[in-house]
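**Q** Test case, fold it:
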Amino acid sequence: MVIQQMLTSLGFLMTLIAQTHPSLVGDLFKPSIDKHLALLGTDSFGIRMTAAQNIAFVYDVMTRINPRFEFAKHDQLISTLHLMIREGAKRVKHKERKHQRGIIRDVLNTIEEGDPPSLKLKFKNQIITFGDWTQILRLYAFRDTLSTGFHAHFMDNPLLPAIFNVDIGSAGSGSIQPNVTERVVVDPGSELAKARTKVMQSRRDKRRVARDIIDPLHDDEY
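**A** Alright, predicted model coming up:
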């Protein structure tokens, strides 16, 4: 539990730093990358998922700065993530296995294709899709802090929806409406929010080109 809280706090801190000094995210994360990789193999579902999401967030931030960026143990990371998707019932419970596959697929899609994640939560008559790692890491940080009160705060406390730029609406608490509105929420200051499709395609193209360039002096990896 303590380790997961530390990972969640680190992720939240990195989202704040990335707003003004994105390059510092790499410096902050570099000493802990090996530990994050090791924690992908721990027995704790929460620790595994939090470590994976932190890795995805850092990769997303750093490839915005340098499309050639890769972690030093990139191949090991990719191999481990693919194994996590295929893990059987002996190691992971059925409910956790389904959840793990969804999260790890998002992580892999970000690292391999430059695609954003997608996390859907239902509040009243709206389905809110959180569409970037900044929002998702902050969401988990608040959820872990508020625990069972998270859903109530999102519906009744105007501060939390304001932080995530979400309008929950005026329907009564717990009501289910026949027409469900779906919204996508991304970090308002991110490139994704400004030109989501264009930026993602551009980043994919740049990485494809970068993979074909041999640069023996390039040392931008962790």
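**Q** what's the helix or strand where Arg105 lies in contact with?
**A** With elements taken from DSSP states H and E, the one containing Arg105 is helix 94-113. With contacts defined as C-beta atoms under 8 Å, 6 or more residues apart in numbering, helix 94-113 is touched by 45, 48-49, 52-53, 55-56, 59-60, 77-78, 81-82, 84-85, 87-89, 92, 115-119, 133, 204. To be clear about C-beta, it is placed using only N, CA and C from the backbone, and glycine gets the same treatment.
**Q** Pull out the buried positions in stretch 2-13.
**A** Neighbour-count burial for stretch 2-13 flags 4, 7-8, 10-12 (criterion: 16 or more other C-beta atoms under 10 Å).
**Q** swap in stretch 65-81?
**A** 67-71, 77, 80-81.
**Q** Now do it: distance from first to last residue.
**A** Start and end residues of stretch 65-81 are separated by 24 Å (C-alpha to C-alpha, to the nearest Å).
**Q** what about His82, neighbour count?
**A** Here the number of neighbours of His82 (other C-beta atoms under 10 Å) works out to 12.
**Q** Phi and psi next, for the most centrally placed residue in the chain.
**A** The residue lying closest to the centre of the chain (C-alpha atoms, centre = their mean) is Trp133, at 3.3 Å. The phi and psi values for Trp133, taken as degrees, to the nearest 10, are phi -70, psi -30.
**Q** Give me the pLDDT for it.
**A** If you check Trp133, the pLDDT there is 95.
**Q** With Tyr222 instead?
**A** Looking at Tyr222, the pLDDT reads 51.
**Q** Next: Gly189.
**A** 56.
**Q** I figured Val166 was touching Ile128, is that so?
**A** Yes. Look at Val166 against Ile128 with C-beta atoms under 8 Å: they come within range, at 5.8 Å.
**Q** neighbour-wise, which of those two wins?
**A** Of the pair Val166 and Ile128, Ile128 is the one with more neighbours under other C-beta under 10 Å, namely 23 against 18.
**Q** From Phe12, how far off is the more buried one?
**A** Distance of Ile128 to Phe12, given as C-beta to C-beta, to the nearest Å: 19 Å.
**Q** Pretty sure Asp53 sits against Ile136.
**A** One thing to correct before we go on: residue 53 is Gln, not Asp. Yes. Assessed by C-beta under 8 Å, Gln53 is found in contact with Ile136 at 6.6 Å.
**Q** quick one on the thing from earlier: tell me which of the contacts of helix 94-113 fall in helices.
**A** Members of those lying in helices (criterion: DSSP state H): 45, 48-49, 52-53, 55-56, 59-60, 77-78, 81-82, 84-85, 133, 204.
**Q** If any of those residues are buried, give me the ChimeraX selection for them.
**A** Buried subset of the ones in helices among the contacts of helix 94-113, written as a ChimeraX selection, criterion 16+ other C-beta under 10 Å:
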select :45,48,49,52,53,55,56,59,60,77,81,84,133
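**Q** circling back to that earlier point, show me the buried residues of stretch 2-13 that map onto helices.
**A** Reading helices off the buried residues of stretch 2-13 with DSSP H, I get 4, 7-8, 10-12.
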